[in-house]
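**Student:** sequence and computational prediction follow.
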Amino acid sequence: MQKSTQHISTGRAGEDIACQFLRKKGCTILERNVFRKWGELDVVAQNKRTGKIHIVEVKTVSGSNACVEFNPVENLTKSKQGKLERTCILYVKEKQIENWQLDAVLVWYDKVHKKAEVRYIEHIIN
């Protein structure tokens with residue numbers, strides 16, 4: 001139970017950091033943790049300048065052994081990609097969104113030193 005609680009806490013912290021990052025990039029956070037039939041969308045944001053909707057998958061790694069070069073897309077198996085893509089398509093159809101893309105944010109979080117590094121990857125599934 002402790003590990004699960006810690007995992008959820010780390011994930012939430014990563015999503016908070018990702019949202020701060022997206023705001024600095026000129027986005028408004030529209031929704032977080034959107035659940036649909038096939039899965040969850042971590043963050044839905046809109047670029048204030050272009051109006052484009054960015055659906056963002058957030059992957060967080062923490063601890064002193066976490067690798068900054070870790071690519072979050074590597075964790076998306078074909079099955080996970082399919083679920084994520086179906087969830088996105090369902091969401092954009094419901095909301096009648098035409099101008100959107102699926103991105104990823106990797107958050108490397110060092111809890112001990114209270115610092116984070118963020119990598120942003122656009123168009124993770126074409």
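**Tutor:** Okay, I see it. Residues are numbered from 1 along each chain as shown.
**Student:** quick one: the helices in the chain, in order.
**Tutor:** For the chain, the helices defined by DSSP state H cover 2-24, 78-95.
**Student:** and the shortest one, what other elements does it pack with?
**Tutor:** Under the contact criterion of 3 or more C-beta pairs under 8 Å, 6 or more residues apart in numbering; DSSP states H and E, helix 78-95 touches strand 27-36, strand 39-47, strand 53-62, strand 100-110. Where you see a C-beta, it was placed from the backbone N, CA and C, and this is true even at glycine.
**Student:** on that earlier part again, any idea which of the helices of the chain has the lowest pLDDT on average?
**Tutor:** Mean pLDDT across those is lowest at helix 2-24; the value there is a mean of 82.
**Student:** before we move on, back to that, most packed of the helices and strands packed on helix 78-95?
**Tutor:** strand 53-62 (a mean of 23; mean count of other C-beta atoms under 10 Å).
**Student:** okay, now the sheet partners of it, with direction.
**Tutor:** Note on strand 53-62: by DSSP bridges, its sheet partners are strand 39-47 (antiparallel), strand 100-110 (parallel).
**Student:** got the ones you listed as TSV, with mean pLDDT columns?
**Tutor:** TSV is the format used below for those (pLDDT from 0 to 100):
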stretch	mean pLDDT
strand 39-47	97
strand 100-110	91
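**Student:** wait, which of those is closest to residue 119?
**Tutor:** strand 100-110 (4.3 Å; C-beta to C-beta).
**Student:** now the closest one against helix 78-95, angle please.
**Tutor:** 120 degrees (axes from the mean of the first three to the mean of the last three C-alpha atoms, to 10 degrees).
**Student:** distance from the chain centre to strand 100-110, please.
**Tutor:** Relative to the chain's own centre, strand 100-110 is displaced by 5 Å; criterion: C-alpha atoms, centre = their mean, to the nearest Å.
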